[in-house]
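S.K.: Got a predicted structure plus its sequence, pasted below:
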Amino acid sequence: MPPPSALNSERAFACVLGDTDLLRALSLAGIRCAVAAAPGSPPRYSRLARVALDWADAWEQPALLLELLERFGAAQAEPPVLFYEEDRDLLLVSRHRERLRRHFRFVVPDAALVEDLVDKCRFQALAQRLDLPVPAARALDPRTDPVPLDLRFPVALKPLVRRGERWDPIAAGAKALRLDSPLTLVTLWPRLAVADVPVLLQELIPGPETRVESYHVYVDERGDLVGEFTGRKIRTWPPEYGDSTALVITDAPDVTVLGRELVGRLELRGVAKLDFKRAPDGRLYLLEVNPRFTLWHHLGARAGVNLPALVYADLVGLPRPRVPKARAGVRWCSPWRDAVAARAAGVSLLRWLPWALGCEAKRVVAWDDPMPLLGAVLWRSVSRVRRLGRGPRA
């Protein structure tokens with residue numbers, strides 16, 4: 001990576017649509033950051049964010065978020081470099097790429113490929129065309145399609161596009177649901193229809209979440225592979241199909257080889273995370289491809305491969321440094337959630353605590369940057385008091 005002194009205050013801002021993990025990856029390279037995040041969210045309070053922008057939800061108010069971003073970008077002497085971490089922000093950037101390029105620099109894959117990768121129905125069709133090693137699956141819309149009773153159970157049920165306000169009340173925070181019988185699906189079908197959640201019913205690959213491995217890559221506009229690393233989940237919450245609470249960098253040659261091959265088949269440019277599930281026989285099944293920045297990039301940066309910093313350097317015209325091999329064994333955790341996940345996995349607090357303290361990367365928590373945690377807690381407390389003060393509506 002370029003040394004922090006090389007990325008001084010005269011250079012362009014990194015404009016971050018994301019959380020503290022992405023913010024820290026950029027800051028490790030000395031890149032000054034502006035953050036666009038929801039009110040009360042931890043990155044708004046970080047000392048690493050020189051500017052906290054007004055924010056709007058890209059699902060609900062895309063036009064407003066575009067306006068807020070353009071206002072910031074137009075006011076800068078140098079076009080900021082735009083980073084995005086969620087599907088909603090990825091789609092906003094992709095669908096409005098020409099408009100945003102007036103004021104920002106960024107990497108993003110081909111527009112059709114972005115749509116194919118985000119929507120799981122389109123992804124299945126893409127996988128069939130390109131012969132990608134995905135589990136068998138069927139896309140259905142509960143509003144119009146009858147309950148499929150001809151499936152081989154168990155299956156995994158996933159939303160075609162994950163929108164938290166619709167999916168989370170059904171899945172209680174999990175990314176997918178395991179269905180062991182037709183009766184479970186019959187019971188769930190009306191709720192999915194009311195919530196307007198088209199779904200993917202996917203062949204279940206046996207094994208715990210620790211068998212989910214990933215390949216992370218940045219490919220430049222010429223098609224050259226600039227940086228890469230592999231990793232594996234340690235724990236999630238909920239334990240099955242949950243969000244990651246503990247991760248580790250790995251040295252997995254077969255994941256690297258397959259990841260490179262599939263990135264080539266997709267003709268992908270920009271950054272991506274390819275998630276695989278390792279079956280009991282050792283075969284790797286491709287679960288999804290996320291063509292955006294992720295929390296993994298904080299862990300990758302700690303392991304020596306800072307993909308966001310490489311993107312920034314390319315876009316602002318800095319010399320590209322030599323990229324080392326990522327150090328296997330470097331760990332990340334989300335402390336408060338992983339404490340719950342570890343307890344559910346039978347790990348005692350006495351055993352977990354020194355392990356967590358030894359993690360090289362942590363979500364939100366940092367001794368040299370305490371305000372993301374403190375600010376978010378204070379904001380939630382004040383908001384709760386205000387709601388109580390207003391009392392029930394008549």
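M.R.: That came through fine. Just so you know, these numbers come straight off a predicted model, no measurement behind them. Residues are numbered from 1 along each chain as shown.
S.K.: What ranges does the stretch 51-200 of the chain have for its strands?
M.R.: 81-84, 137-140, 155-159, 177-179, 199-203 (DSSP state E, counting those that start in this stretch).
S.K.: Outside of the last one itself, list whatever touches it.
M.R.: Counting by Cβ atoms under 8 Å, 6 or more residues apart in numbering, the neighbours of strand 199-203 from elsewhere in the structure are 120-121, 124, 135-142, 148, 151-152, 155-160, 176, 179, 185, 192. Glycine gets a C-beta too; all of them are placed from N, C-alpha and C.
S.K.: Filter those down to the buried ones and hand me the ChimeraX line.
M.R.: Per 16 or more other Cβ atoms under 10 Å, the buried members of the contacts of strand 199-203 correspond to this ChimeraX selection:
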select :120,121,124,135,137,138,139,140,142,155,156,157,158,159,160,176,179,185,192
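S.K.: Low-confidence stretches in the chain?
M.R.: The chain contains residues with pLDDT under 70 at 1-10, 387-394.
S.K.: and the gap between residue 371 and residue 118?
M.R.: According to Cβ to Cβ, to the nearest Å, residue 371 stands 33 Å off from residue 118.
S.K.: Looking at those two now, which is surrounded by more residues?
M.R.: residue 118 (22 against 16; other Cβ atoms under 10 Å).
S.K.: And for the nearest residue to the more buried one once chain neighbours are set aside, the neighbour number?
M.R.: Nearest residue to residue 118, sequence neighbours excluded (Cβ to Cβ, 6 or more residues apart in numbering): residue 87, at 5.4 Å. By the criterion of other Cβ under 10 Å, residue 87 has 20 neighbours.
S.K.: so residue 87 makes contact with residue 160?
M.R.: No: the pair residue 87 / residue 160 is not scored as a contact, 11.2 Å apart, by Cβ atoms under 8 Å.
S.K.: how about the helices in this structure?
M.R.: 20-27, 62-74, 87-95, 97-100, 111-118, 120-130, 164-171, 182-195, 253-266, 296-302, 307-316, 335-344, 349-357, 371-390 (DSSP state H).
S.K.: from the chain's centre, how far out does stretch 128-145 sit?
M.R.: Centroid separation for stretch 128-145 versus its chain: 22 Å, with Cα atoms, centre = their mean, to the nearest Å.
S.K.: same deal with stretch 248-265?
M.R.: With Cα atoms, centre = their mean, you get 18 Å for stretch 248-265.
S.K.: Just the buried residues of that stretch, please?
M.R.: In stretch 248-265, counting by 16+ other Cβ under 10 Å, buried: 248, 249, 250, 252, 255, 256, 258, 259, 260, 262, 263.
S.K.: which ones are touching the residue nearest the centre of the chain?
M.R.: Residue closest to the mean C-alpha point of the chain, counted by Cα atoms, centre = their mean, is residue 294 at 3.8 Å. Shown in contact with residue 294 (Cβ under 8 Å, 6+ apart): 21, 22, 85, 216, 273.
S.K.: Turn those into a markdown table, including distance to residue 66 and neighbour count.
M.R.: Below are the contacts of residue 294 laid out as a markdown table (distance: Cβ to Cβ, whole Å; neighbours: other Cβ atoms under 10 Å):
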| residue | distance to residue 66 | neighbour count |
| --- | --- | --- |
| 21 | 24 | 24 |
| 22 | 20 | 27 |
| 85 | 17 | 22 |
| 216 | 28 | 25 |
| 273 | 25 | 21 |
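S.K.: Pick the one among these closest to residue 129.
M.R.: Closest approach between those and residue 129, by Cβ to Cβ: residue 273, at 21.2 Å.
S.K.: so how many other residues sit close to the residue lying closest to that closest one once chain neighbours are set aside?
M.R.: Once flanking residues are discounted, residue 273 sits nearest to residue 290: 4.5 Å by Cβ to Cβ, 6+ apart. Residues near residue 290, counting by other Cβ under 10 Å, number 20.
S.K.: which residues touch residue 290?
M.R.: Residue 290 touches 87, 117, 272, 273, 275, counting by Cβ under 8 Å, 6+ apart.
S.K.: try residue 97
M.R.: Per Cβ under 8 Å, 6+ apart, neighbours of residue 97: 106, 108, 111.
S.K.: can you check residue 148 too?
M.R.: Counted by Cβ under 8 Å, 6+ apart, residue 148 has contacts 138, 140, 185, 201.
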